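S.K.: Build me a model:
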Amino acid sequence: MKIIIAPTKQMKFKDDFELPYTTPLFQQESALLRKELSTLDPDTLKKTMKISDRMLPKVYDLFHTKHPNRGCALLCYSGIAFQYMAPGIFTDEQLDYVNEHLRILSGLYGLVRPLDEIEEYRLEMQTKLPFSPGSLYTFWNKKIADALNDEVILNLASEEYAKCIRPYKPLIDVRFLDADGKEKGVYVKMARGEMVRYMAENKVERIEQIQKFDRQDFRFCPERSNETLYIFQKIK
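M.R.: Take a look at the predicted model:
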C-alpha cells in the first residue's frame, strides 16, 4: 500500500536530524523544469505562478540561486497537514513506516519519498507553463503513476495532485466532512496529516484498518462509504 499526499507551499529548512538522505527519482526531469523556469523574466514568472509583487523576488530567487536551501522532504514541508503529521517526533519505527508507504506529490519533483533531499521551490501542479508542453500534467504524464507499483493507493492528496495519478491507477479516496456534511479546507488538511500519523503509529498495512481512525472528532461512516471511497465525518 502507498499513501499519497500533497506538498505545501510553506517550507522550512531547519534540519536538526541526521537522516540518510535519498535522491529524488526524477532528478533529471526536475532539473529540466528548473532550467526552463529560470529563463522566465520576472513579469512572466509572476503571471505563471500567480503570485503577488511582494512574493516575486523570493520566488524569482528560488529559480536563480545556485545554492538554494535543501533538506529532507518530510521535514521541509511545513503546512497544516505536515504540522498535524508531526514527523519531527516520529520514532524510528514510524519513520521507517512512512518511508516505505508515504509518497509526496510535487509539481517540480513528481514523486517525493520522505527521505529524499529536495531544494526549496514553489511550483503547484496546476500551474500553466509558458513553455512546452504547457501543463505539468502533460509533462509528468504517466511517470508518477508508474512509480507507484502497489495495487492499493490511499489518496490523502488534494484533487489538484491526485489528478496526475487518477487517469492511470485506481485510487481509494478519503473525504473528511464536518458535522453538517461539508468539507472545510483547514479541517481536511488537519485530518490528512493526523491520518498519516495514525497509520504510522498503528503500522497500518490493510486499508480496512483506517476505519478505526477517530482523531479530530472524525468517525468512519460505513453507510456512506464503499470500496473506493472512505468517508469520515465529525461527530456533533
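S.K.: Give me the phi and psi for Lys234.
M.R.: Backbone torsions for Lys234, taken as degrees, to the nearest 10, come to phi -70, psi 140.
S.K.: Now Gln211: closest residue in space that isn't a chain neighbour?
M.R.: Leaving aside its sequence neighbours, Gln211 sits nearest to Phe220 (Cβ to Cβ, 6 or more residues apart in numbering; 4.4 Å). Where you see a C-beta, it was placed from the backbone N, CA and C, and this is true even at glycine.
S.K.: ugh, typo on my part, it should be Leu148
M.R.: Counting by Cβ to Cβ, 6+ apart, Lys2 is the residue found nearest to Leu148 once chain neighbours are left out, at 5.2 Å.
S.K.: pLDDT score for the one you found?
M.R.: The model reports Lys2 with a pLDDT of 97.
S.K.: got the residue ranges for the helices in this structure?
M.R.: Counting by DSSP state H, one finds helices in the chain at the ranges 27-38, 42-49, 56-62, 73-76, 80-85, 92-101, 136-140, 143-146, 159-162, 185-202.
S.K.: Out of the ones you listed, which one sits most buried?
M.R.: Greatest average neighbour count among the helices of the chain goes to helix 73-76 (a mean of 24), per mean count of other Cβ atoms under 10 Å.
S.K.: tell me what that one is packed against?
M.R.: strand 102-106, strand 117-119 (3 or more Cβ pairs under 8 Å, 6 or more residues apart in numbering; DSSP states H and E).
S.K.: With Tyr230 as the reference, name the closest of those strands.
M.R.: Of all the helices and strands packed on helix 73-76, it is strand 102-106 that lies closest to Tyr230, at 17.2 Å by Cβ to Cβ.
S.K.: dump the residue contacts of the residue nearest to Leu148.
M.R.: By Cβ atoms under 8 Å, 6 or more residues apart in numbering, Lys2 lies in contact with His101, Leu102, Arg103, Leu148, Asp150, Val152, Ile153, Leu154.
S.K.: how far away is the residue lying closest to Gln126 once chain neighbours are set aside from Pro7?
M.R.: Spatial nearest neighbour of Gln126, chain neighbours left out: Glu160 (5.0 Å); criterion: Cβ to Cβ, 6+ apart. In this view, Glu160 and Pro7 are 10 Å apart by Cβ to Cβ, to the nearest Å.
S.K.: What strands flank the helix or strand of the chain with the lowest mean pLDDT, and is each parallel or antiparallel?
M.R.: Ranked by mean pLDDT, DSSP states H and E, the weakest helix or strand in the chain is strand 70-72, scoring a mean of 90. Using DSSP bridges, strand 70-72 pairs in its sheet with strand 117-119 (antiparallel).
S.K.: quick one: average pLDDT of the partner strand?
M.R.: Rounded mean pLDDT across strand 117-119 is 93.
S.K.: same question, stretch 46-53
M.R.: Per-residue pLDDT over stretch 46-53 has a mean of 95.
S.K.: what does that stretch contact?
M.R.: For stretch 46-53, contacts defined as Cβ under 8 Å, 6+ apart pick out Leu37, Leu40, Met55, Leu56, Val59, Arg122, Leu123, Glu124, Thr127, Lys128, Leu129, Pro130.
S.K.: looking at it, the second one is touching Pro130, isn't it?
M.R.: Read it as Leu40. Yes: taking contacts as Cβ atoms under 8 Å, Leu40 lies within contact range of Pro130: 6.7 Å.
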